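> I would like the atomic coordinates for the input below:
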Amino acid sequence: MSAGIVSGYRNPTSHETKEDIYPKVFSDMDCLDILSTISYLLNKLDQRIKPPIDSSEESES
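Sure, this is the predicted structure:
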């Protein structure tokens, strides 16, 4: 999902001038939505339950 956000919003901005993008393609609300989605994904990542580390795998390294 995050890769889609990056490619969907970064790609047009790399190929167009600011005047051609704002507010025709991306509005202020679009930008807030993007930031909210990224914030949500990062919070979910921070809240994940980390799997326990198997001590036998560590000793083999």
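> thought Thr37 was touching Ile5?
Yes: the criterion here is C-beta atoms under 8 Å, and Thr37 meets it with Ile5 at 6.1 Å. C-beta coordinates here come from the backbone N, C-alpha and C atoms, glycine included.
> so where is this protein shaky, pLDDT-wise?
Within the chain, the stretches with pLDDT under 70 are 1-2, 6, 8-15, 22, 56-61.
> Stretch 24-39: how far from the chain's middle?
How far stretch 24-39 lies from its chain's middle: 12 Å, per C-alpha atoms, centre = their mean, to the nearest Å.
> same question, stretch 31-44
7 Å.
> Check stretch 37-51 too.
On C-alpha atoms, centre = their mean, the centre of stretch 37-51 falls 11 Å from the chain's centre.
> Export that stretch to CSV, keeping only CA atoms.
Presented in CSV, the C-alpha positions along stretch 37-51 are these (Å, rounded to 0.1, in the frame of the first residue of the first chain):
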residue,chain,number,x,y,z
THR,A,37,-2.4,7.5,5.4
ILE,A,38,1.4,7.5,5.8
SER,A,39,1.0,8.4,9.5
TYR,A,40,-1.5,5.5,10.0
LEU,A,41,0.8,3.0,8.3
LEU,A,42,3.8,4.1,10.3
ASN,A,43,1.8,3.9,13.6
LYS,A,44,0.7,0.4,12.7
LEU,A,45,4.2,-0.6,12.0
ASP,A,46,5.3,0.8,15.4
GLN,A,47,2.5,-1.1,17.1
ARG,A,48,3.2,-4.5,15.6
ILE,A,49,4.0,-7.5,17.8
LYS,A,50,7.5,-8.5,17.1
PRO,A,51,8.0,-12.3,16.8
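> What are the buried residues along it?
Across stretch 37-51, burial judged by 16 or more other C-beta atoms under 10 Å covers no residue at all.
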